[in-house]
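Enquirer: pasting the sequence and the predicted model now:
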Protein chains: 2
Amino acid sequence: MGTDQVLFQLAAILLTARLFSEIATRFNAPAIIGEMTAGIVLGPTLLGWIAPNDVLKLLAEIGVILLLFEVGLETDTRRLIKSGSRSVVVAILGFVAPLLFGFVLSHHIFNLSILVSLFIGGTLTATSIGVTVRILSDLNRHQSKVGQIVLGAAVIDDILGVFLLAILYEFAVSGAVTIGNAGKIVFLVIAFLLLAPIAAKLLSPLIKRLHKKGSAPGGIAIVLLSLVLVLAALAHLIGAPELLGGFAAGIALSRRFFLPFGAAIKADPEFTDQIQTEIKPIVQIFSPIFFVMVGLSLDLSAIDWGSSFIWAFSLSLVFFAILGKLIAPFFIPEPMAARIAIGMAMVPRGEVGLIFAELGRSAGIFTNEVYAALVITIAYTTLLSPFWIKSFYRVHGHRLKEY
Amino acid sequence: MGTDQVLFQLAAILLTARLFSEIATRFNAPAIIGEMTAGIVLGPTLLGWIAPNDVLKLLAEIGVILLLFEVGLETDTRRLIKSGSRSVVVAILGFVAPLLFGFVLSHHIFNLSILVSLFIGGTLTATSIGVTVRILSDLNRHQSKVGQIVLGAAVIDDILGVFLLAILYEFAVSGAVTIGNAGKIVFLVIAFLLLAPIAAKLLSPLIKRLHKKGSAPGGIAIVLLSLVLVLAALAHLIGAPELLGGFAAGIALSRRFFLPFGAAIKADPEFTDQIQTEIKPIVQIFSPIFFVMVGLSLDLSAIDWGSSFIWAFSLSLVFFAILGKLIAPFFIPEPMAARIAIGMAMVPRGEVGLIFAELGRSAGIFTNEVYAALVITIAYTTLLSPFWIKSFYRVHGHRLKEY
């Protein structure tokens, strides 16, 4: 493909995302809906102008990594750890319930094989951390108590999803699971999440010093971007999602970084402010590319809308996909409104669900019909959740002031 | 290639470019030297860690397009047109002389064939607009009279280079040149350069309006970036270098945009300032990637440094490559110091020369030895010119205050 084509595509993505998000905002809908709609319009579903390619995928990947970096920057580690036990409950129950529901529905009611049913359950476990975070940011609720619980749970969910994917994939390929391999990934990811923020934090005085001495402008953005990219690549290398690298770098440089074993490394709020100012324009360019790519990846035109199996199966899946996430917060001690808000925020499956579904299809595990039903489920939970959450906060927001 | 690898490469490019440009600046050398050195260190010449790939090439391309956009933004069209006749003289003589010198040297002294000699002459004609512009910007001389003449000449040179490349390539492939095809490219490129700035200018009230109404931040950068990318893709589509699209968009939105047929469209200096503020962080991220790629593309380790032909040929080529550019300004009515400054600024061959050389090699026209001699010539003119120019301005800068 020629360079001119990629440049045109990039311009089309940026412009359409902007246009649709402006329209969405004017109709009181979340901006992210506009960006995903732009992808659906430009992609195979409607116009078919743009197919995801390597360059666009990388730019989208950088977009979501930087988005999580920004989220990490604004995260109060102490509060994140405080809300930790609640996040763990929400994440684990919100992981196990959809897995179980999906498996039972597929295997016992729709008579699909064990492997297929496990993969379907796996697809339902995912929470799209990118989509969830953007919805809460757009509502300016990402620093609330609810926001912190959801953020923590989404991160844990993402990690659990990776573990499950690794296990299921090994099972699909070799027919058996060795504890060794699965354990290795679990160990590496946990070690990464503990060590990466500390490493990033230890580097930050160096960045600051380099920045003060540096003669040319823009140095801080370049060094930060590099740090984020290296941590993301490391995360990917050990088998974790890349965006965890961005998140780890972000919390390390945040206003209130808290290390469990002591406050030896002080946070510097002024430096954090400067980081935010310098990195914001870059995030604003890259992150819409990610959400457009989510829309581009949803090929709604490939679905046989007349098939009764697809309708029956996808409607049941949607129901259990939502229920599976909504029940988890009922096991934590929060007011009802906060529980519902947390549950709703965990519903979008987005890109993580699509990765599961795509893997299942390309490995020959899913038939076209099963795949279509999963795409409908993902599209429904991803595209409609922002609306529900926004209207829920409009009506019940006053009850959630302290949450 | 995995995503993690590209992310690592990108981080390595950004960090090394930054590090080496800091070192270069401290030793009073131009920052761009540091960036190109970073490419030489990371590339096949020394470490061999990074080979140019599609993603990096695209990011580098965006870098040079945005750099030219920034240059265009700061260009005073009226002055550019005023210095136009001088730029034309410098460009045409600085194009014809190296072509002639290169051809005569190769064909009559080194006994190479007519086609090979023509391609060698063609390689010597190029002026690296990216390198030239950065050197002058680093010296803060890009808005001087000398800077305007050089900028105009470099743009014209780039266009002439494209014409020559199109003609030579056709000649190489079919053994003959049809006036029709060559004329078509000439016509399209000239039409583009006349129409693109006007189109961009007509769009600017729309951008401004959208920006004022837009609720989300960062809109102006996204719309501008899209405009620049579209014009660059259009330029590429009609057969011109992409960076001309960036330049055309830049001059259209500059502080003093002047249309020959009337001042119907007013410039808006405040809007231009805002554009510069918003676009600068993005340029600072992307443009170093371009200069690192120039270094990455120079494989100095592939050269057989013991070959006497390579030494004799490349030294003669370097001599004529410099002479060919230095004599042109002697035909314009400027003081001696200004003439020398202009001539020196036209010497770097950079990426354009490499494109010629690479095309010659991949088409089987150049032997490895001829290719090596050309790479030495390009490396020498590109890597050492910034030093000469900087020292020249240090010694003779006071004579060039008004130039």
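Expert: Here it is on my side, so go on.
Enquirer: just name the shakiest helix or strand of chain A by mean pLDDT.
Expert: In chain A, no helix or strand scores lower on mean pLDDT, DSSP states H and E than helix A:77-82, which sits at a mean of 70.
Enquirer: I'd like the next helix or strand past it.
Expert: helix A:84-104 (DSSP states H and E).
Enquirer: now do that next one, average pLDDT.
Expert: Helix A:84-104 shows a mean pLDDT of 90.
Enquirer: gap between it and the chain center?
Expert: 16 Å (CA atoms, centre = their mean, to the nearest Å).
Enquirer: ok, now stretch A:356-371?
Expert: Computed by CA atoms, centre = their mean, the separation of stretch A:356-371 from the middle of its chain amounts to 21 Å.
Enquirer: and that stretch, which residues are buried?
Expert: A:356-361, A:365-366, A:370-371 (16 or more other CB atoms under 10 Å in any protein chain shown). (Glycine included, C-beta is placed from N, CA and C.)
Enquirer: and that stretch, end to end?
Expert: In stretch A:356-371, first residue to last residue: 10 Å (CA to CA, to the nearest Å).
Enquirer: quick one: it near chain B?
Expert: No - residues of stretch A:356-371 contacting chain B under CB under 8 Å from any CB of the partner chain: none, with a closest distance of 15.0 Å.
Enquirer: ok, now stretch A:57-72?
Expert: Yes - counting by CB under 8 Å from any CB, chain B is contacted by stretch A:57-72 at A:57-58, A:61-62.
Enquirer: with just CA atoms, put that stretch into CSV.
Expert: C-alpha atoms of stretch A:57-72 as CSV (Å, rounded to 0.1, in the frame of the first residue of the first chain):
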residue,chain,number,x,y,z
LYS,A,57,-3.0,-0.7,14.3
LEU,A,58,0.3,0.6,15.8
LEU,A,59,-0.9,4.2,16.0
ALA,A,60,-4.1,3.0,17.7
GLU,A,61,-2.1,0.9,20.1
ILE,A,62,0.1,4.0,20.9
GLY,A,63,-3.2,5.9,21.4
VAL,A,64,-4.6,3.5,24.0
ILE,A,65,-1.2,3.2,25.7
LEU,A,66,-1.0,7.0,26.0
LEU,A,67,-4.6,7.2,27.2
LEU,A,68,-3.8,4.7,30.0
PHE,A,69,-0.7,6.7,30.8
GLU,A,70,-2.8,9.8,31.2
VAL,A,71,-5.3,7.9,33.4
GLY,A,72,-2.3,6.6,35.5
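Enquirer: the longest helix in chain A is where?
Expert: Counting residues, the longest helix found in chain A (DSSP state H) is helix A:179-213.
Enquirer: other SSEs contacting whatever helix or strand comes next after it?
Expert: Toward the C-terminal end, the helix or strand that comes next after helix A:179-213 (DSSP H and E) is helix A:219-237. Applying 3 or more CB pairs under 8 Å, 6 or more residues apart in numbering or on different chains; DSSP states H and E, we find helix A:219-237 packed against helix A:54-73, helix A:179-213, helix A:243-252, helix A:269-297, helix B:3-26, helix B:269-297.
Enquirer: ok so, going back, who wins for neighbours among the residues of stretch A:57-72 next to chain B?
Expert: A:Ile62 (28 neighbours; other CB atoms under 10 Å in any protein chain shown).
Enquirer: okay, and the residue lying closest to A:Leu400 once chain neighbours are set aside sits in which element?
Expert: Closest residue to A:Leu400 apart from its sequence neighbours, by CB to CB, 6 or more residues apart in numbering or on different chains: A:Ala337 at 5.5 Å. Under the criterion of DSSP H and E, A:Ala337 resides in helix A:336-345.
Enquirer: and that helix, how far out from the chain's middle?
Expert: 18 Å.
Enquirer: how about stretch A:343-358?
Expert: Distance of stretch A:343-358 from the chain centroid (CA atoms, centre = their mean) equals 8 Å.
Enquirer: phi and psi next, for A:Glu358.
Expert: In terms of degrees, to the nearest 10, the main-chain angles of A:Glu358 are phi -60, psi -40.
Enquirer: need the contact list for it.
Expert: A:Glu358 sits next to A:Ser297 when contact means CB atoms under 8 Å, 6 or more residues apart in numbering or on different chains.
Enquirer: and it, how far from A:Asp299?
Expert: From A:Glu358 over to A:Asp299 the distance is 11 Å, taken as CB to CB, to the nearest Å.
Enquirer: test my guess that A:Gln284 contacts B:Leu225.
Expert: No - A:Gln284 lies out of contact with B:Leu225 (CB atoms under 8 Å); the separation is 10.3 Å.
Enquirer: which one of those two is surrounded by more residues?
Expert: B:Leu225 (23 against 20).
Enquirer: ok, and the closest non-adjacent residue to the spatially most central residue of chain A?
Expert: Central residue of chain A (CA atoms, centre = their mean): A:Ile129, 2.4 Å from the mean position. In space, and not counting its chain neighbours, A:Ile129 is closest to A:Ala154: 4.2 Å by CB to CB, 6+ apart.
Enquirer: contacting residues around that neighbour?
Expert: Counted by CB under 8 Å, 6+ apart, A:Ala154 has contacts A:91, A:127-129, A:132-133, A:346.
Enquirer: please apply the same query to A:Leu359.
Expert: Counting by CB under 8 Å, 6+ apart, A:Leu359 touches A:165, A:169.
Enquirer: tell me the spacing between it and chain B.
Expert: According to CB to the nearest CB, to the nearest Å, A:Leu359 stands 15 Å off from chain B.
Enquirer: likewise for A:Phe119?
Expert: 23 Å.
Enquirer: distance of that residue relative to A:Phe356?
Expert: Counting by CB to CB, the gap from A:Phe119 to A:Phe356 is 7 Å.
Enquirer: what about the stretch 151-300 of chain A, any weak spots by pLDDT?
Expert: A:173-177, A:210-218, A:255-267 (pLDDT under 70).
Enquirer: ok so, going back, in PyMOL, how would I select just the buried ones from the contacts of A:Ala154?
Expert: The PyMOL selection below is limited to those of these classed as buried (16+ other CB under 10 Å):
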select buried, chain A and resi 91+127+128+129+132+133+346
